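Enquirer: Attaching a predicted model along with its sequence, questions to come.
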Amino acid sequence: MQEESVLKKEDNFSVWYNEILKRAKILDVRYPVKGVYVWYPYGLKLRNLIYGILRTLMDDEHEEVLFPLLIRRDELLKEKEHIKGFEEEVFWVTHGGTTELDVPLALRPTSETAMYPIFKVWIRSHRDLPIRVYQIVNTFRYETKHTRPLIRLREITSFKEAHTAHASREEAETQINKAIAIYRNFFDQLAVPYVITKRPDWDKFPGAEYTIAFDTLMPDGRTMQIATLHMLGENFAHTFDIRYEAEDGSSRFVNQTCYGISERCVAAVIAIHGDDRGLVLPPRVAPIQVVIVPIIFSSTGDTPSEKVKEACNAIYNELKGAGIRVFLDDSPDRPGAKYYYWEMKGVPLRIELGPRDLTNVSCTFVRRDNFAKRQVPLNTVVQSVNKTLDDIQHCLHARAMQKLKICAINGDTEPKDAIREGIIALPLCDNESCGKKLEESIGANVLGEVLYAAAHRARRNACAICAREGEDVLVARTY
RNA sequence: GGGGCAGUAGGGUAGCCAGGUUAUCCUCGUGGCUUUGGGAGCCAUGGACCCCAGUUCGAAUCUGGGCUGCCCCA
């Protein structure tokens, strides 16, 4: 039914990652265009469950919109800082059939320049504010570096981008904080640990006043950016002339924010929880939360096979009725083959039921996270499943949190060594040249000043480069 | 950004250096019979040399280009 060998995640994470995407049928990488991939049904179900959580969180205070994929060249080029950051990465549509277009059209690398000209017409008075919208769309970037499924793509298929406009700067700041809370809630539900930092000035979003980012730690010791939030201030409002009439009749520019999450969140779930046997999915997002494997003997004298099937069907219907995503695997394969298969797929809980269980009026639970086995009476299956799934969700989160450690550098540790293990913290002043020097000397990137990092308290101390006063920043090798 | 390696059935591979009959093995698909508490067995059967040029009597194999993928380092 499947390949024989286990995969060593620790030995070579890159190879493990590619193999898992293939074997667990998340993404098909055989599409013959560089940097774009095909979602398999199972992968898409996982994606949709993850984005369902995000959608629910966003819908509280945002409204969903849908803007076009194509952006006029002149509008894309309007914001000078913005386009400088993207111009080498834009895909252009230059022809309609054989006719060259008068105005070339860009495939959106992100949607500021698609949305903001329309914001200008939508917003007239303070009563039109705030605007809080989001969309989940594909975006295109001509990546020249090594592309990677879900992580570095030429077509990002699942970019959730939110854009807000406010009457005051304070309100925009408040919105950033609300968005941080939403994202924290989101990643907590995925059991994905993270640090939050304010990116250094030289690494902020092009056109933004400042950028705040979420990073998670991948198994190879590198960090991956999984969410960003940008304070745009009035920068884009000036470029696109987005003004409103205030209560006192004056005309003022809006203050804007935008923040986004891509399918890297799916990559994080896969990379962080998976093991040598395959995916390990948090119950909250597992397309199949429980798989039932009947153990059938056709030759047993008493032929209890019908009874086994009946019992399995009964459990199946009960669980389904309770809203649990359950699958009954009554295929003709042998039980062992099914175990390996569903473990690869990351199903959090397996229920085995055979003649031996039937005589005890029970079934056997096997957890995907720790392989613990136990007998459960048939009349308590639903509540036991709910309780076990909750427990698995929490255990996965706790286990992942433990792996995200931050090494606070003091006199005893050499940054160059510590950086190989993961994230380090050390004091740095806010001088750009110091930051660049530090990055070069240890071969890593400054993530930024610490806004949140579990179990780490930011210190004030002498800058690691120039010895002027500085504050802890997080540093890591990045994706 | 720099360097290396690779592309042969759905997946993984041998063959390539040294060109030559029907392209190896495992897995897989299909039909059948017997099976089922950790990857079942037997029988029958199906399926491949990335693309474009070049060299040659003859190319999976040699040469050039393209496309795609992977690994390592910065």
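Expert: Thanks, I have the structure now.

Enquirer: Next one: the residue lying closest to residue A:322 once chain neighbours are set aside, what pLDDT does it get?
Expert: By the measure of Cβ to Cβ, 6 or more residues apart in numbering, the closest residue to residue A:322 outside its immediate chain neighbours is residue A:382, 4.8 Å from it. For the C-beta atoms, the positions are set from N, CA and C on the backbone; glycine is no exception. The predicted structure scores residue A:382 at 98 on the pLDDT scale.

Enquirer: any idea how far residue A:246 lies from RNA strand B?
Expert: Residue A:246 sits 46 Å away from RNA strand B when distances are taken as Cβ to the nearest atom of the strand, to the nearest Å.

Enquirer: re the thing from before, for the residue nearest to residue A:322, give me its contacts.
Expert: Under the criterion of Cβ atoms under 8 Å, 6 or more residues apart in numbering, the contact partners of residue A:382 comprise A:318-319, A:322, A:324.

Enquirer: which one of these is nearest residue A:241?
Expert: When those are ranked by distance to residue A:241 (Cβ to Cβ), residue A:324 comes first, at 52.8 Å.

Enquirer: Tell me the spacing between the closest one and residue A:390.
Expert: According to Cβ to Cβ, to the nearest Å, residue A:324 and residue A:390 sit 12 Å apart.

Enquirer: Show the backbone phi and psi for residue A:258.
Expert: Residue A:258 adopts backbone torsions of phi -150, psi 150, taken as degrees, to the nearest 10.

Enquirer: which residue ranges form the helices in the stretch 201-350 of chain A?
Expert: Secondary structure of the stretch 201-350 of chain A (DSSP state H, counting those that start in this stretch): helices at A:235-240, A:264-273, A:305-321, A:335-344.

Enquirer: Residue numbers of the stretch 201-350 of chain A in contact with RNA strand B?
Expert: Residues of the stretch 201-350 of chain A lying near RNA strand B by Cβ under 7 Å from any atom of the strand: A:277, A:295-299, A:332-337, A:339-341, A:343-344.

Enquirer: let's see it at 10 Å
Expert: A:220, A:222, A:277-278, A:293-300, A:304-305, A:308, A:330-344, A:350 (Cβ under 10 Å from any atom of the strand).

Enquirer: Which pLDDT does the model give the residue lying closest to residue A:466 once chain neighbours are set aside?
Expert: In space, not counting the residues next to it along the chain, residue A:466 is nearest to residue A:434; the distance is 5.4 Å by Cβ to Cβ, 6+ apart. What the model reports as pLDDT for residue A:434 is 92.

Enquirer: Quick check, residue A:434 in contact with residue A:428.
Expert: Yes: shown here, residue A:434 and residue A:428 form a contact pair, counting by Cβ atoms under 8 Å, at 6.0 Å.

Enquirer: what residue is smack in the middle of chain A?
Expert: By Cα atoms, centre = their mean, the mean C-alpha position of chain A lies nearest to residue A:265, the distance being 1.1 Å.

Enquirer: residue contacts, that residue?
Expert: A:50, A:54, A:186-187, A:190, A:192, A:226-227.

Enquirer: ok, now with 6 Å
Expert: Applying Cβ atoms under 6 Å, 6 or more residues apart in numbering, we find residue A:265 in contact with residue A:226.

Enquirer: quick check: longest helix of chain A.
Expert: The longest helix of chain A (DSSP state H) is helix A:381-403.

Enquirer: what residues are up against the nearest residue to residue A:187 once chain neighbours are set aside?
Expert: Nearest non-adjacent residue to residue A:187, counting by Cβ to Cβ, 6+ apart: residue A:194, 5.3 Å away. Taking Cβ under 6 Å, 6+ apart, we find residue A:194 in contact with A:187, A:214, A:216.

Enquirer: how many other residues sit next to the first one?
Expert: A count of nearby residues for residue A:187, using other Cβ atoms under 10 Å, gives 22.

Enquirer: Then the one 4 residues further on?
Expert: Counted with other Cβ under 10 Å, the burial measure for residue A:191 works out to 26 neighbours.

Enquirer: out of the contacts of residue A:194, which are inside strands?
Expert: Assignment to strands by DSSP state E places the following of the contacts of residue A:194 there: A:214, A:216.

Enquirer: of the contacts of residue A:194, closest to RNA strand B?
Expert: Closest to RNA strand B out of these is residue A:216 (18.5 Å), distances taken as Cβ to the nearest atom of the strand.
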